[in-house]
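Peer 1: I would like the atomic coordinates for the input below:
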Amino acid sequence: MTPDRVYGRGMGFPPRVGADGRIAWSEGDQNVREAIRIVLMTEPGERLRLPAFGAGLGRFLFEPNIVATHARIRQRISDALQRWEPRVAVESVEVQADTVDPQAAIATITYRLVATQARERVSLSVAVGTAGG
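Peer 2: Residues are numbered from 1 along each chain as shown. Predicted coordinates for the structure are as follows:
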């Protein structure tokens, strides 16, 4: 069975043009990785006809970059992926202050692909306030 049959196929994210001049598509585990980013980067209310879609990580923009904020980010990521991305089983979400940017936290999500049980990891930066507020 081909990866696109197992995991699906969709327009690449971020949208881009392929070498042939057409819209680039993603498939397989890359499609799942991109779908995770879409869920996490979308604010509820942004998607027409599905207003609850997204993780709502933008709400942490002015929150202090502290352990309590990281715990709330971790919970929001876990809840959003459980609700919106059925192709993955989240094993862990780690959130910590970015060592380079004091106004960012780094979230690292470890998950298993449900169809194959392959373990994957994706990280993203979440904009927050400075350490201590």
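
Peer 1: Grab the longest helix from this protein for me.
Peer 2: helix 67-84 (DSSP state H).

Peer 1: just the strands in the protein please.
Peer 2: 9-11, 25-27, 88-97, 104-113, 119-127 (DSSP state E).

Peer 1: Looking at those strands, which is nearest to residue 53?
Peer 2: strand 9-11 (14.8 Å; CB to CB). Where you see a C-beta, it was placed from the backbone N, CA and C, and this is true even at glycine.

Peer 1: Flag the shaky bits of the protein, pLDDT-wise.
Peer 2: 1-9, 11-14, 131-133 (pLDDT under 70).

Peer 1: Kindly reformat the strands of the chain as JSON lines containing distance to residue 74 and mean neighbour count.
Peer 2: Converted to JSON lines, those look like this (distance: least, CB to CB, whole Å; neighbours: other CB atoms under 10 Å):
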{"stretch": "strand 9-11", "distance to residue 74": "27", "mean neighbour count": "14"}
{"stretch": "strand 25-27", "distance to residue 74": "26", "mean neighbour count": "17"}
{"stretch": "strand 88-97", "distance to residue 74": "5", "mean neighbour count": "16"}
{"stretch": "strand 104-113", "distance to residue 74": "7", "mean neighbour count": "18"}
{"stretch": "strand 119-127", "distance to residue 74": "10", "mean neighbour count": "15"}
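
Peer 1: Can you give me the buried ones in the longest helix of the chain?
Peer 2: 69, 70, 73, 74, 76, 77, 80, 81, 84 (16 or more other CB atoms under 10 Å).

Peer 1: Which single one of these is nearest to residue 100?
Peer 2: residue 70 (16.3 Å).
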